[in-house]
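Chemist: Could you look at this predicted model? Sequence included:
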Amino acid sequence: MTDKPQRPGIAPSRRFLLSAGAAAAALPLFGVSAGRAWGPGPAAPFDPGPLCQPAAAEGPAGPLKPIRLAWNATAICTAAAPLAKERGIFARHGLDVEFVNFGGSTEALLEAIATGKADAGIGMALRWLKPLEQGFDVKITAGLHGGCLRLLGAKSAGITEIAALKGKTIAISDHASPAKNFFGLLLAKAGIDPESGVEWRPYPADLLNLAVEKGEAQALADADPRTWIWLKDQRFTEVATNLSGEYADRTCCVVALRGSLIRNDRAAAAALTRAVLEAGHRVHENPEDAARIFSGYGGKGSVEDLAAMLRSQHHGDRPVGADLKRQLVLYGDELKQVNVLKRTTDTAKFAERVYADVLS
């Protein structure tokens, strides 16, 4: 198994506006390295090590703990959640998980978790860090995977690299989208002002490709499964992803839990985090099975396409502890330099505050 496909390098400076208002040192998680599932090489059986024990095969002896997990049922990168439910991983960890399909704003999602309307959620780090700075009682406990955002260019417009986007129009789903946030950052690192150097033009998410085809935009930025499906159109080329260059090892989606759940029922918080991590391993090990399950929840695309999307993402890369905190600091530094996080924010202390170790 080679779990990190090669990606085009981007030599991206740290300036960028996120209009959203948008891991354990030497932890032997998965029995391999500090906060990493594993590196390249043959696939290994799930071995979480002494600080993150897998569920017993026979399951819990007592009643299951009810948990409400917020997720986006259209986001293929969250396939670990339905897999954990359908393959009995949640139950073996003593959990009865109810899904809350959430399509609202990040702030509303985090408020729902903080106030107990949901116990946990899965979402994108770049969407969550600014609201978390504002004080929501929600803690990140694990990274779930890397990759799922793509920037596609129109071949007819000659858009094959970041530099070619200067002065061009990029179709996006909304001005707070993580795709706009991330690829704006790459623009800034390439010396293009993401505010004045390009035009970001919002369209309904399912129509972004049509905007490019009609010539109203020369590129589009969005997430799988849509971008993967559109990339099959020979008129598009993949310019970059959120695995490009220095981001190849950066987590994309994270697992976050209600602070009061961690304080009052640490065992449940640990069980949920472990279950999602175990399911993430299963996604990495058997993306076809994960794709079939996700498809049953209404996932867009064929099972074959969904499995290919999962293989292209880094579901074998699920940081926790010191590794995850390091990544949160990096994101925090970038967000400070583009005036999203406060310039006075100590990003090391910020990472300590928004991350909770429930596995040791």
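Modeler: Cool, got the structure.
Chemist: From now on I want contacts and neighbour counts done on CA atoms only, so please keep to that.
Modeler: OK.
Chemist: Quick one: residues contacting the closest residue to Phe136 other than its chain neighbours.
Modeler: Take Phe136 and drop its neighbours on the chain: the residue closest to it by Cα to Cα, 6 or more residues apart in numbering is Ala114, 6.3 Å away. By Cα atoms under 8 Å, 6 or more residues apart in numbering, Ala114 lies in contact with 136-138, 258-260.
Chemist: Filter those residues down to the ones in helices?
Modeler: 259-260 (DSSP state H).
Chemist: Tell me, how many residues neighbour Ser196?
Modeler: As a burial measure, Ser196 scores 10 neighbours (other Cα atoms under 10 Å).
Chemist: wait, I meant Lys214
Modeler: 9.
Chemist: Is Val255 in a helix, a strand, or coil?
Modeler: When classified by DSSP: H, G, I helix; E, B strand; the rest coil, Val255 comes out as strand.
Chemist: surely it meets Asp119?
Modeler: No: taking Cα atoms under 8 Å as the definition, Val255 is not a contact partner of Asp119, at 11.0 Å.
Chemist: can you list residues touching both of these two?
Modeler: Common contact partners of Val255 and Asp119 (Cα under 8 Å, 6+ apart): none.
Chemist: I'd like the average pLDDT over the longest helix along the chain.
Modeler: Scanning the chain for the helix with the most residues, using DSSP H, yields helix 266-285. Averaging pLDDT along helix 266-285 gives 96.
Chemist: I'd like to check what contacts that helix. Which residues are they?
Modeler: Counting contacts by Cα under 8 Å, 6+ apart, the residues outside helix 266-285 that touch it are 3, 43, 46, 52-55, 65, 79-81, 83-84, 89-90, 93-95, 141-142, 144-145, 255, 257, 261-262, 289-290, 310-311, 314-316, 318, 358-359.
Chemist: Write the ChimeraX selection for whichever of these are buried.
Modeler: Provided next is the ChimeraX selection string for whichever of those are buried by 16 or more other Cα atoms under 10 Å:
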select :3,46,52,53,54,55,79,80,81,83,84,89,90,93,94,95,141,142,144,145,255,257,261,262,289,290,310,311,314,315,316,318,358,359
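Chemist: what residues are up against Ala211?
Modeler: 171, 203, 217.
Chemist: how does it look with 6 Å?
Modeler: Applying Cα atoms under 6 Å, 6 or more residues apart in numbering to Ala211 gives the contacts Ala217.
Chemist: just to confirm, which helix or strand has it in it?
Modeler: Assigned by DSSP states H and E, Ala211 belongs to helix 208-213.
Chemist: Next secondary structure after that helix?
Modeler: Next along from helix 208-213, by DSSP H and E: strand 219-223.
Chemist: about what we covered before: out of the contacts of Ala114, give me the one that has the most neighbours.
Modeler: Neighbour count (other Cα under 10 Å) singles out Val138 as the most crowded of those, with 29 neighbours.
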